[in-house]
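J.: Got a predicted model here, sequence first, then my questions.
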Amino acid sequence: MAGSKEVEWGDIWHNPLGGKERKMLEQKNNNTSEQKNKNTLEQTESKGMSLIVKTITRLTVGLILLYGIYIVLHGHISPGGGFAGGVIIALSFIHLMLAFGKEEVLKRFSSEYITFFEGLGATLFLGIAILGFLAGYFFLDFFVDKGAPFNLFSAGNIPLYNIAIGIKVSSGLFAIFVFLVLLRVIKDKDKQ
Amino acid sequence: MSQLIPLFIVLPLLGAFLNSLFVRKNTKVSDILSLLITFSLSVISFLSLFLVNKYGVLIYKVGGWRPPLGITLVLDGLSSLLLLTVCLVSFFISLYSINYMEKYTSKEKFYTLFLLMLAGMNGVVATGDLFNLFVFLELASVASYALVAFGTEKEELEASFKYAIMSSVASLFILLGIGIIYSFTSTLNMADIAKTLGGSLNKVVVFAGILFFMGFGLKASIVPFHAWLPDAHPSAPAPISASLSGLLIKSLGIYSLVRVIYNVLGLKELFSLPLMFLGTVSIMVGVVLAIGQWDFKRLLAYHSISQVGYIILGIGLGTPLGILGGLFHLFNHSLFKSLLFLNSGAVEYSTGSRQLLKIKDLGLRSKMPFTSLTTLIASLSISGIPPFNGFFSKLIVIFSCIKAGFFGYAFWAIVGSILTLASFMKVYRYSFSTEHTENREIKEVPFFMKLAMLSLSLLCILSSFLFLNKFSNFFLGPAQKTLLEAKNYSTINDFVENVR
């Protein structure tokens, strides 16, 4: 039947872990916060991958993120651009999730944030395009001074489009990954 | 005045993104937002009809780039008629979904997807660039896959998957056709392609035409390509069934097919007979399959195939009267078929079932008077009873067939109309029966659903006046002219200098 409230978009999205699962997780978290003073190291180590992977991740994830931002910002003067850089930024988040487990990451970047940034990227892109109306045409480059070629500040509004696409693609790709991860939880709930 | 054209794409996109950005818990905001946007779009589309009658063709240069190089948005007779249809019906659909979508969670996601689909449909209709058409077509299609699966039950997911596969195959054909045309003419601007080809019957062009015919035919669900429709349309929520059946198969299917084959490739004469033949086969196959159905929405979905057949038959005939009838039936069908789907949604909303055998003992005629009345009007319209709009458009199609000497096609069109009447007598007899053996508390649907259905049924009666010459010259005349003088499309890029 259409319209039953068992498993729906809203459940998967707003309560990423479903009602029951989330409550259990919250209880677990409360327990861990009580025991936090005793053995924090053991608790964090029990989730995710091994200590070696986590240490290497701590070292590399910042570099990956920075490289993604570099690719986005230099999209108009070197190979790459908004999409490629956005994919690399999303990969850094996915890297974190693989190494530390989904709970650790979702505590910091909840699905609400991801949805917000996805909407923000799209709205920014459209907003820049609408600003072209100021100069007379939709999508028109509204900068008067285009800058010297091969400088960072050049090529009119193309870098702005690249940044908007970067935000959109990184959050969108990460959202797809989170969605695929969380969908398994719902399936497990159905089986029980 | 051409500054208005990008608004058809900008406004729904803006609404969709703002919805996903700001609306969390309070879905009233997204109700008002989508209502405002669809209302302003329908006002602008009325305005565009006036502009087309005054200026002829309007062209908008996106980003200020000149036509063969940049992307253009073109507003001519055919696209203004389609824009009017899409925007007007989607306004009533969003009015209806204020109350109807309450029973689903995450209403704002629904509005986001719906507005994205609307942006895609408007973009397909307004664009003047062949690859841009493909992009907007994919935008609307992908949004509609998600909307078909919106209930996330087993059947809905299955139907959505089937629809996604079939529709992707169609997109593949279209993309292949675009690639062939691009390698042959080295341009993607539609008017420029028409100019370069100059109506040549090169084998490459004919092959590309056949690929487009398969691709857009699959989107329009003409008979050999219709298998996805009876699953996909009933599975969606009722407002989406209405917009899929009323708008999507017309803008992505019929409009694109006719625009590409008639205006861009100039294969009007070559594809006339295949279009007419498949149209007639669609009429008969759709209606024969519809008569046996006991699921209200599935029956309506089969009727969509049948009614698309009339449109294709009329436009394929290619005579002035035939094209007029086809376009008139396109407009009418989007009104009464969306109304019928909204009615079936209202029945499902109140009774919880859309199986005709389950609701036949409930005595709905006295319990749901508004839904009963509007279903009666829509049924009479679709089966072609005189004072309603369906009669006039079918009459014009059949009459133009007789006038052109195709008596066989006219005969089958009449038989199809009679069978349509029979199947809707069955629907009305079973769904809105007077006797009720079962005593169940059933309420009439909420206010906004009633308002949307009543205004659509009023439009069903009013649009029959388009039969008169005075109105049809204004509403349908420019679109008819676009298809009748299909070769003139190649010269529209010359208008860029005149009208800014």
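T.: Thanks, I have it.
J.: Check the gap between residue B:469 and residue B:426 for me.
T.: For residue B:469, the distance to residue B:426 equals 37 Å [Cβ to Cβ, to the nearest Å]. (Each C-beta comes from the backbone N, C-alpha and C, glycine too.)
J.: Which of the two has more residues huddled nearby?
T.: residue B:426 (17 against 9; other Cβ atoms under 10 Å in any protein chain shown).
J.: Quick test: name the residue nearest the centre of chain A.
T.: Relative to the mean C-alpha position of chain A, the nearest C-alpha, by Cα atoms, centre = their mean, is the one of residue A:171, at 3.6 Å.
J.: what's the helix or strand for the residue lying closest to that residue once chain neighbours are set aside?
T.: In space, residue A:171 comes closest to residue A:117 once its chain neighbours are excluded; the distance is 3.9 Å by Cβ to Cβ, 6 or more residues apart in numbering or on different chains. Assignment of secondary structure by DSSP states H and E places residue A:117 within helix A:111-131.
J.: Spell out which residues make up each domain of chain A.
T.: Domain ranges of chain A: A:17-46, A:50-191, per automatic domain parsing.
J.: Please work out which of these is packed deepest.
T.: Among the domains of chain A, the stretch with the highest mean neighbour count (mean count of other Cβ atoms under 10 Å in any protein chain shown) is domain A:50-191, at a mean of 17.
J.: what does chain B have sitting close to chain A?
T.: B:3, B:6, B:10, B:13-14, B:17-18, B:20-22, B:24, B:60-64, B:103-106, B:109, B:150-153, B:156, B:235, B:237, B:348, B:352 (Cβ under 8 Å from any Cβ of the partner chain).
J.: if I look at the residue nearest to the centre of chain A, how far off is chain B?
T.: 11 Å (Cβ to the nearest Cβ, to the nearest Å).
J.: Helix, strand, or coil at that residue?
T.: The three-state label for residue A:171, taken from DSSP: H, G, I helix; E, B strand; the rest coil, comes out as helix.
J.: doesn't residue A:109 make contact with it?
T.: No - with contact defined as Cβ atoms under 8 Å, residue A:171 does not reach residue A:109; the gap is 9.3 Å.
J.: ok so, going back, and the residues of chain B next to chain A, which of them are buried?
T.: B:6, B:10, B:13-14, B:17-18, B:20-21, B:60-62, B:104-106, B:109, B:150-153, B:156, B:235, B:237, B:348 (16 or more other Cβ atoms under 10 Å in any protein chain shown).
J.: residues in contact with the residue of chain A positioned farthest from its centre?
T.: Of all residues in chain A, residue A:136 has its C-alpha farthest from the mean position, at 35.0 Å, by Cα atoms, centre = their mean. Contacts for residue A:136 (Cβ atoms under 8 Å, 6 or more residues apart in numbering or on different chains) come out as residue B:64.
J.: rank the domains of chain A by pLDDT, which is bottom?
T.: Averaging pLDDT over each of the domains of chain A singles out domain A:17-46 as the lowest, with a mean of 50.
J.: How about residue A:122: what's its closest non-neighbour residue?
T.: residue B:17 (4.4 Å).
J.: what about the helix or strand harbouring the one you found, distance to the chain center?
T.: Taking DSSP H and E as the definition, residue B:17 sits inside helix B:7-22. The chain centroid and the centroid of helix B:7-22 are separated by 21 Å under Cα atoms, centre = their mean, to the nearest Å.
J.: ok, back up a step: verify the contact between the residue nearest to residue A:171 and residue A:173 for me.
T.: No - counting by Cβ under 8 Å, no contact exists between residue A:117 and residue A:173, whose distance comes to 11.4 Å.
J.: Run through the helices of chain A in chain order.
T.: Along chain A, the segments classed as helices by DSSP state H run A:9-14, A:19-35, A:40-46, A:51-73, A:82-100, A:102-108, A:111-131, A:158-191.
J.: of all those, which lies closest to residue B:182?
T.: Between residue B:182 and the helices of chain A, the shortest separation by Cβ to Cβ is 22.4 Å, and it involves helix A:82-100.
J.: elements contacting the closest one?
T.: In terms of contacts (3 or more Cβ pairs under 8 Å, 6 or more residues apart in numbering or on different chains; DSSP states H and E), helix A:82-100 is packed against helix A:51-73, helix A:102-108, helix A:158-191.
J.: make it 7 Å
T.: For helix A:82-100, the contact count by 3 or more Cβ pairs under 7 Å, 6 or more residues apart in numbering or on different chains; DSSP states H and E identifies helix A:51-73, helix A:158-191 as packing neighbours.
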